[in-house]
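Novice: model the following, please.
(chains A, B, C and D)
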Number of protein chains: 2
Amino acid sequence: MTDHSCVTEFAPTSLNEEEEEKLAIQAKALAHPARVRLLKIMAAQPGCVGGDLVNSIGLAQSTVSEHLRILKDAGFILAEAQRPRVCYSVNRTELKSFSHLFGKSFSL
Amino acid sequence: MTDHSCVTEFAPTSLNEEEEEKLAIQAKALAHPARVRLLKIMAAQPGCVGGDLVNSIGLAQSTVSEHLRILKDAGFILAEAQRPRVCYSVNRTELKSFSHLFGKSFSL
DNA sequence: AGAGTATATCGTTGATCGACGATATACGAG
DNA sequence: CTCGTATATCGTCGATCAACGATATACTCT
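Specialist: Model (predicted):
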């Protein structure tokens, strides 16, 4: 319990809808334990074949594929075709960028 | 396109379900633009009365109250009663802790 | 060309979310 | 004690999510 002197006139909070939206969208991609797990596994390897990810997590192939799509759409992973397989790897640049946006947004 | 040498034997990824769950739960709290906006506004003041937050965002009072509850449950904000008002403020410790957990989870 | 393989997409179903208005709650002021 | 005020909770409804099995896709190898 610190001294929360409540204020009524707000300091002008820069309204950057683009960034807020992006933060929310990327957070949503992280908002499921299976996706966190998948990301974590991928982060520990140079690259992972999809089928191995399916085996390492107790979910159907179609479900894992959907989780991977969500992570890809958020920019957190890269998919490189190695037919008939796909090699997934984390996009560290985007992960770092999320972290920076997070810190910047809330002045940490 | 980096050298994604795909691997089939996974490096032993430490399975810490507690942490993965927490990361996912907190990410879910951030996964809505209105909540990001609210957090951002709160981060720019020492404290905010609920009613002012309602006025600064185009949503019904009950909706804002629910968003605030979610942020509070995630640990991202503190609520201090100043009857009949409530003064909300960000919990910087928890925000930082999220950021650290995020970086640690994916070895950033 | 045809078969085999790994991944993506589709269609469905139950669960959770997000919004709202209405109402309950809880306290201070008079 | 009653009234006013600010916030929380409830009930509802449409929208989105998460899971699955089934099937389509797309490429390689023979």
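
Novice: isn't residue A:10 up against residue B:43?
Specialist: No: between residue A:10 and residue B:43 no contact is recorded; they are 11.4 Å apart, counting by Cβ atoms under 8 Å. The way it works is simple: take the backbone N, C-alpha and C, and place the C-beta from them, glycine included.

Novice: and the two? Which one has more around it.
Specialist: residue B:43 (20 against 15; other Cβ atoms under 10 Å in any protein chain shown).

Novice: got a list of what the more buried one touches?
Specialist: Applying Cβ atoms under 8 Å, 6 or more residues apart in numbering or on different chains, we find residue B:43 in contact with A:105, A:106, A:107, B:90.

Novice: cutoff 10 Å now
Specialist: Applying Cβ atoms under 10 Å, 6 or more residues apart in numbering or on different chains, we find residue B:43 in contact with A:11, A:13, A:105, A:106, A:107, A:108, B:76, B:77, B:89, B:90, B:92, B:95.

Novice: quick check, residue A:59 in a strand?
Specialist: No: read with DSSP: H, G, I helix; E, B strand; the rest coil, residue A:59 is coil and lies in no strand.

Novice: number of residues surrounding it?
Specialist: That count, for residue A:59 with other Cβ under 10 Å as the rule, works out to 16.

Novice: so which helix or strand takes in the closest residue to it other than its chain neighbours?
Specialist: Take residue A:59 and drop its neighbours on the chain: the residue closest to it by Cβ to Cβ, 6 or more residues apart in numbering or on different chains is residue A:34, 6.3 Å away. Using DSSP states H and E, residue A:34 sits within helix A:33-43.

Novice: what's the mean pLDDT across that helix?
Specialist: Mean pLDDT, computed over helix A:33-43, is 97.

Novice: now that helix - C-alpha only, PDB.
Specialist: Taking C-alpha atoms only, helix A:33-43 is exported to PDB below (Å, rounded to 0.1, in the frame of the first residue of the first chain):
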ATOM      1  CA  PRO A  33      -0.400 -22.500 -21.900                       C
ATOM      2  CA  ALA A  34       0.000 -24.700 -24.900                       C
ATOM      3  CA  ARG A  35       1.400 -21.900 -27.000                       C
ATOM      4  CA  VAL A  36       3.700 -20.800 -24.200                       C
ATOM      5  CA  ARG A  37       4.900 -24.400 -24.000                       C
ATOM      6  CA  LEU A  38       5.500 -24.600 -27.800                       C
ATOM      7  CA  LEU A  39       7.400 -21.400 -27.900                       C
ATOM      8  CA  LYS A  40       9.500 -22.500 -25.000                       C
ATOM      9  CA  ILE A  41      10.400 -25.800 -26.700                       C
ATOM     10  CA  MET A  42      11.200 -24.000 -29.900                       C
ATOM     11  CA  ALA A  43      13.300 -21.400 -28.100                       C
END
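
Novice: before we move on, back to that, DNA strand C next: which of the contacts of residue B:43 are close?
Specialist: When Cβ under 7 Å from any atom of the strand is taken as the criterion, no member of the contacts of residue B:43 contacts DNA strand C.

Novice: hang on, the earlier thing: the residue nearest to residue A:59 touches residue A:67, doesn't it?
Specialist: Yes: using Cβ atoms under 10 Å, residue A:34 is in contact with residue A:67, at 5.5 Å.

Novice: what residues are shared contacts of these two?
Specialist: Jointly contacting residue A:34 and residue A:67 under the rule Cβ under 10 Å, 6+ apart are A:57, A:59.

Novice: mind giving me the ChimeraX select for the contacts of residue B:43, buried ones only?
Specialist: What follows is the ChimeraX syntax for the buried subset of those, where burial is set by 16 or more other Cβ atoms under 10 Å in any protein chain shown:
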select /A:105,106 /B:76,77,89,90,95
